[in-house]
Structure formats: C-alpha cells, structure tokens
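Q: Build me a model:
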Amino acid sequence: MNAPEQSVAKPYKGPESYQVEDGDLFFGREDETGLVIARILASRFTLMHAQSGAGKTSLLNARIIPGLEMRGWHAYRVLPQNDPIESIRSATFQYLLPHPAAELLAIERAWQALAPDKHDLTLDELLELYDSLEIRDPQRRALVKQLSLSGTAGVPESSSTDAYFCRLLRSCIEMEMFAEHVDAIRQFGHATVAVEISGNIRLHELLGLFSDHEFLAGYNKLMNELKVPGRDLRVFFEHLVETYGQRRTRFGLVLVLDQFEELFTRFIDPGVTATEVVGELPDWRLRWELFEQLERLCAAPAAVALPANESDNESDNESDNESDNESDNTPLTILPIRYVVSMRDEYIAQMEPLRRFAIGAADSLYHLNLLDKQQAQAAIRDPAEIFGYTYQSSCFELIVHQLTKEDRFVEPAHLQLVCDKLWNEKGRELAAQGAQGDSGEMLMVEQSVFTSLGETEGILKSFFGDFLLQLSVESRHEVLEILEPLVTAGGTRNIIERDRLINAPFRDRQKRRELLDLLVNHTIVRTEPRLGGYFVEITHEFLIAPVLEAISEAGSKEPEYRSYRLAFRALERLQGYSIAGASPLLTPQDFYTLHRHREAVCWDQWSSELMLRTALAHGAPPDCLEIWIATAHNFNRESSPEAIFSSLAKAMAQGEDELLTLVQLRFANDHLRSTSDLSVEQVRMIWRSQLTWALDAERDEIRYWTERIKANG
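A: Okay, here's the model as predicted:
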C-alpha cells in the first residue's frame, strides 16, 4: 500500500485560498454560507460578487461546495482557463467520474495511515478511525486532499481528482451515494467482484472491486459513451443525465464558475492596433460561445426527462415556467443543473448577456462583504484555539484594531497574513507545548511578540520580502521592474495601464503577464477598470516602503544587476533611432553587460541589429560577434537576390539618405557582387552603406563597390 501524503498542519492559510479539506479551520462566514446555499437552492442562477481579497474562492471551497454535497448535490468548481467550454467538460468528468485508480489510491492512503497493521478492516471501522482524528492532526487534511494520477498506469492523462472515497471521509456524502456511483459503473461492465457497497464491506474486498479488470472496462465503456463529439454543452449534459444521471436516485449538478472576470480580462479582442498581442491571448470568441452555450443549457428541452425525484429539486422553477407550458401541455423538462457565477465587483456591469436568459439571476445576486469585526475575531481566535493556544487580550484587541478599516471592515487576506506570521513566530511553538500537556491552561501569544514583529504594518511589510524570496533571481528583478513605476517620485501609489506593464520593450509578454498575475494573487497589486482600460496599482500604502527598499537594495547590494539596469535603460533610450542611419551606438560597457544578460532580454530586429553594429564597432571577439550575427539573422532571413532587391527598393523609397542595415549589407555583399542587374542608385546605396559601416577588414568591399560606381559613370 502507498504511504500517505504528508501535510503540514497549521491554523491559518496565509496568502493561499482555503480548499475543501480546510473546512474545519474556516471561521467567520457561517451566516454567509447559509444565505448563499439558500439562494443556490432557490434559483437556477446565482451570481456572487465581491471585491478582490474578500475571500470568494475560500468561501466556495471550504463551505459552499461541501454544504451542497451534504444536501445531495454534485458541486464542483470550474475555472475559465484557455477554453471555458472544454474546462466545464473536463471538470465535470474529473469530479463526477474520477478514475477507479483514484479510489484505489485514496483507500490505500487512508488504510496505510490509520491502521496499517489491521488486515481485516471494514469500511465503517476505517471511517470511524478517521473521525477520531483531531482537527489539528495533519492526517485529517492529508487523507482527503485531491489525488494526483500523474504516471498512474492506464490513466490516459495526468490530473488531480477528488475521489468519492475522500468525500465519504469528509462526511460530505452518504454511503448510499457512494454505492450508487459504483453500481452505475458496474452496469456498463461485467464485474467479477460481486460485493455490496456498505459499511460492513472489508477493505480488501473494496480494493478488489476497484482493481477488477471488468470494473475498469465498465468505467472505460461509460466514459467513451459520455464523450460526445462537438462542443455543444446542451448535448453533453443531456447525454450525461440520460446515460449516468438516471442510474442515480437523486442527481443534481452545481457548476461553480469561479474567477468569471477572466472572461473579460483575458478573452478580449485587442483590435487592429495590437495585433502583436493577439497570438498570446485566448480567442475572444470563446467568451461569446460560452454565453451562447449557457443560454442553450437554460432553455427547456423537449425531449429529455428528469430523474424521478428531480421534480422536488426543481419545484421552485416550475412556477416560473408553468404558464409557458399550459397551452401545449408539454411537460416541464429542464436539466438538473444549478449555476453559480463568482466574480469581482467591477465586472458586474459586463454580465448583461447572462442576465438576458438567466432566470432569477437578478433576484439571486449576492454581494460578499469583507469581514465585520465579530467575524474577524472568530477567524483569528477559533483556529488558534483548535491548535491549543490563544492570544493575550491586549494583543488580540490590537490586532483587530489595526486590521479594521472604517471602523467596521477587515480584509480576510490581511488577517490571514498577520495570523500566519504570528503562527510561524510563536504559535507553532505554543501548539507543540500544549500538545505535550505541560499545563491545563491555554498558552497565549503575548503582545510583545506582535510588537517585536512591527505589529500589523511590520508583518505586512515583511510579507513582501518573504514573497520576493520565493522567486528566482531573474523573476525577482523583473517583479521589481514591474513595481517601480507603480510608485511616484513623491513616494505615493501610482496608477499604470496594465498593457503598458505587460508590453514593456524588450520583455517577454507572457512572463510579464504571469508575474503580474502572481502579484495580484498575493494581494500586492490589484487591477481595476478605469477610463475604458485596465489599470494597476499597489494594493496598500504600507507596501510602498518595502518596495522602494527592495529596489534600492537590489541596486546597492548587487553591482551586476545595477550595471544591467543601466545598460537596459540605455537600450530603451536608443529605441527611437533609425537602425539604417548614423544612429548612436551602445557604449562598450553597456554592450558587454547586455551580452552577459542576453537571455533576460526579449530581442527584436532593431535591438539585435544594434547589438551587432555595436559589436563590430567596438571590435568584439569572434565568439561574441558570431552570437549577434546569428541573432540578427533570425530577424533578417532574406537570402535571395530577389529579397535583397526588394529591401533595396524599400530603402530607396525612404529617401536618398537612407542606408542598408548591417544584415542587408552582408547579404548584398554575399549575393549581389556578381549580378549586373543593379541600377546606379542601388549601387550608390550599397556603396554609402559600406562606407558608413566599414571596418579595416572590409577594405576589399569598399574598393569593389567604388569600382562599380566608376564603371557606371
């Protein structure tokens, strides 16, 4: 059997979102949980929105999805990724029909962790052993985490999946649901292991079932049956309900479409003025395709009937549609699906396409506020007490006071950062002491510990430094470059257009986009729509000082980086000069610095040509020169006389003072010396270019083109 995956137990999540396995440590949102679940059950569409940092994803993972599962629904989270349609299909399969290998791994993992020496254990006995674990026990979380099937034999693709057995351990589903799922698969095969799924089943029998070749064959047959061709989600889910759902006594899905704002931030048409970016963005048409598919999913079909019990689930919708069906007596047949859209506040106005067809969406709008003081107190104190420690009263009051804005709101993200820092500094030690039973009194984090860390401001500042340490040296430097223009000369927050940060000269746009997203996810910067565009700013004033300090330290303590930044700025300053004219060159120091850091620069035709001209002018060694010849040739692939003639014609059209670039001149020397088809003007242009760029080693070329001019009169 496989050894269980180890997991570090701690009371707070820091900058990370809560996951389904973290529900026991999620506090402060009990009221919101009940309200959101009630709205989901009462309406086909629910739209939940909040400002960045309010904890939407954490609430969904830790409370909403498990709460819906306990009520018999199959609820799972879907992210748009690069293809929202395919993401929905893929997430549906991963959650609803995990590979039997996932069940095997989950059972083996729990058995090995909880009772490795018991060889005749029943399923009920294993579940009881899990329930007996303390909440603070790291195994309690580790045994219900999603499993990675990467490298598992017989699994077509690597993925993470949530096994039904893990949901059974979490007490999110009943034994009957687990048994129904297994029986639905067995109906597609001829399983040789005829066992009934119940609490009395022996674990070795359960493992034998999931490893049975016939059971696996039935699973594969079912999956092949469900993979309908095309991209029509209506057809996909109708077939899913008919093929799999009707084999269940109760079958209802809740698609939780999280981070829905990405449809408007990533799936955009940049227009003809930004054609260079188009290839790096998902196709904007996929956003409209998703809206069209959702509209079809919400329509009442004429052929697919609901499972027998679905009339109970859909009773709240019958009144909405009853009048439409009275005239033709067509039975109400709608798919047993609920839709939850979660997104940031500022994109609500762009949801008009959904409101047109989402029945009840306007009445099921839910705004998730920041934590109030009482909720914040629970989110701070309750997780710590589970781990056997608490906070000195004065310390606790000071934390809450400093985190509170406008005397009423607390950002969950900042609360988690402060408490996680205190856990690492002192809480972990106190929890270990408490576990040893040294005293009957709960140990406390004293105010002096909080003060020694600089209180809230100091902790949040150190958070930025800790974030930088997680990055590679190259990424750290580029993050500082992104943040530098976000601080004004006066030391206040500046607002910069997002595209300007991403499409910086000589930088890889995809990498810049990923780093900016990383900064957003760690609540260091935020992106907001303003004036018809998207603008970025640092989230809080307290981050400005550590940002400036990090920029200053990088320049003072890393001389090579300072030289590189100066050389890079020199490259940026020269960008406006024509490459064909007598433009300034880089200094030898700037050239060789950029040469050493060439992998960090995204070169284009102009910049590679500048480096080549500078290398020639300053007498760079042959190995260095060859690198820039090859780099420049990657952007200048004219290799035929016809291409050179075309380049000459284009250059001549610019005016009599235009010159060929170095690469064009090299091709002219290689390919055109033996041709007699050049005009007098073309020969003169080659001659002027040769004189401009000539070095001592190129006297033969100068002499040749001079003789050509003389021969042409």
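Q: what's the burial count for Gln575?
A: Counted by other CB atoms under 10 Å, the residues lying close to Gln575 total 12. Yep, even glycine has a C-beta here, placed from its N, CA and C like the rest.
Q: now swap in Glu441 and tell me
A: 7.
Q: repeat for the one 10 residues further on
A: When counting by other CB under 10 Å, one arrives at 12 neighbours for Thr451.
Q: for the one 3 residues further on, same thing?
A: Using other CB under 10 Å, the number of residues around Gly454 comes to 13.
Q: if I look at it, how far off is Glu541?
A: Going from Gly454 to Glu541 by CB to CB, to the nearest Å gives 15 Å.
Q: now Pro353
A: 38 Å.
Q: show me what contacts the spatially closest residue to Glu134 that is not a sequence neighbour?
A: Closest residue to Glu134 apart from its sequence neighbours, by CB to CB, 6 or more residues apart in numbering: Arg140 at 7.2 Å. Arg140 is in contact with Asp24, Tyr130, Leu133, Glu134, counting by CB atoms under 8 Å, 6 or more residues apart in numbering.
Q: And the helix or strand that contains Arg140, how far out from the chain middle?
A: Applying DSSP states H and E as the criterion places Arg140 in helix 138-142. Averaged C-alpha coordinates place helix 138-142 at 25 Å from its chain's average position (CA atoms, centre = their mean, to the nearest Å).
Q: Please name the strands paired to the helix or strand just after it in the sheet, noting orientation.
A: Next along the chain after helix 138-142, taking DSSP H and E as the criterion, comes strand 147-148. Taking DSSP bridges as the criterion, strand 147-148 forms sheet pairs with strand 160-161 (antiparallel).
Q: Read off the pLDDT value for Leu695.
A: pLDDT for Leu695: 55.
Q: And the helices in the stretch 401-550 of the chain?
A: Shown for the stretch 401-550 of the chain, the helices assigned by DSSP state H, counting those that start in this stretch span residues 412-422, 428-435, 447-452, 455-469, 473-483, 498-502, 509-521, 544-557.
Q: about what we covered before: show me what counts as buried in the helix holding Arg140.
A: Residues of helix 138-142 classed as buried: Gln139, Arg140, Arg141, Ala142 (neighbour count, 16 or more other CB atoms under 10 Å).
Q: from these, which is closest to His522?
A: His522 lies nearest to Arg141 out of these, by CB to CB, at 22.4 Å.
Q: can I assume the closest one is in contact with Tyr18?
A: No. With contact defined as CB atoms under 8 Å, Arg141 does not count as touching Tyr18 (11.0 Å).
Q: what are the ranges of the strands in this structure?
A: 45-50, 74-78, 147-148, 160-161, 253-257, 337-344, 365-367, 389-391, 404-405, 409-410, 443-445, 496-497, 525-530, 533-538 (DSSP state E).
Q: Contacts for the third one next, please.
A: I take that to be strand 147-148. Around strand 147-148, the neighbours that count as contacts under CB under 8 Å, 6+ apart are Ala102, Leu105, Ala106, Arg109, Ser158, Ser159, Ser160, Thr161, Asp162, Ala163, Cys166.
Q: could you flag which of the residues you listed are buried?
A: By 16+ other CB under 10 Å, the contacts of strand 147-148 give Ala102, Leu105, Ala106, Arg109, Ser159, Thr161, Asp162, Ala163, Cys166 as buried.
Q: one step back: and Pro353 and Glu541? which has more neighbours close in?
A: Neighbours were counted for Pro353 and for Glu541 using other CB under 10 Å; Pro353 has more, 15 against 11.
Q: Excluding sequence neighbours, find me the nearest residue to that one.
A: Phe291 (4.5 Å).
Q: now do Met351
A: Excluding its sequence neighbours, the residue lying closest to Met351 (CB to CB, 6+ apart) is Leu47, at 6.9 Å.
Q: That neighbour contacts Arg344, correct?
A: No. Look at Leu47 against Arg344 with CB under 8 Å: they stay out of range, at 11.8 Å.
Q: residues touching Arg428, list them.
A: Neighbouring residues of Arg428 by CB under 8 Å, 6+ apart: Lys10.
Q: separation between it and Cys419?
A: Distance from Arg428 to Cys419, by CB to CB: 12 Å.
Q: what's the answer for Glu457, then?
A: Counting by CB to CB - Glu457 and Cys419 are separated by 15 Å.
Q: Who has more neighbours out of the two?
A: With neighbours defined as other CB under 10 Å, Glu457 and Cys419 compare such that Cys419 has more, 26 against 14.
Q: what pLDDT does the more buried one get?
A: With respect to pLDDT, Cys419 has a value of 96.
Q: For it, list the residues it contacts.
A: Cys419 touches Pro11, Tyr12, Ile380, Pro383, Ala384, Ile399, counting by CB under 8 Å, 6+ apart.
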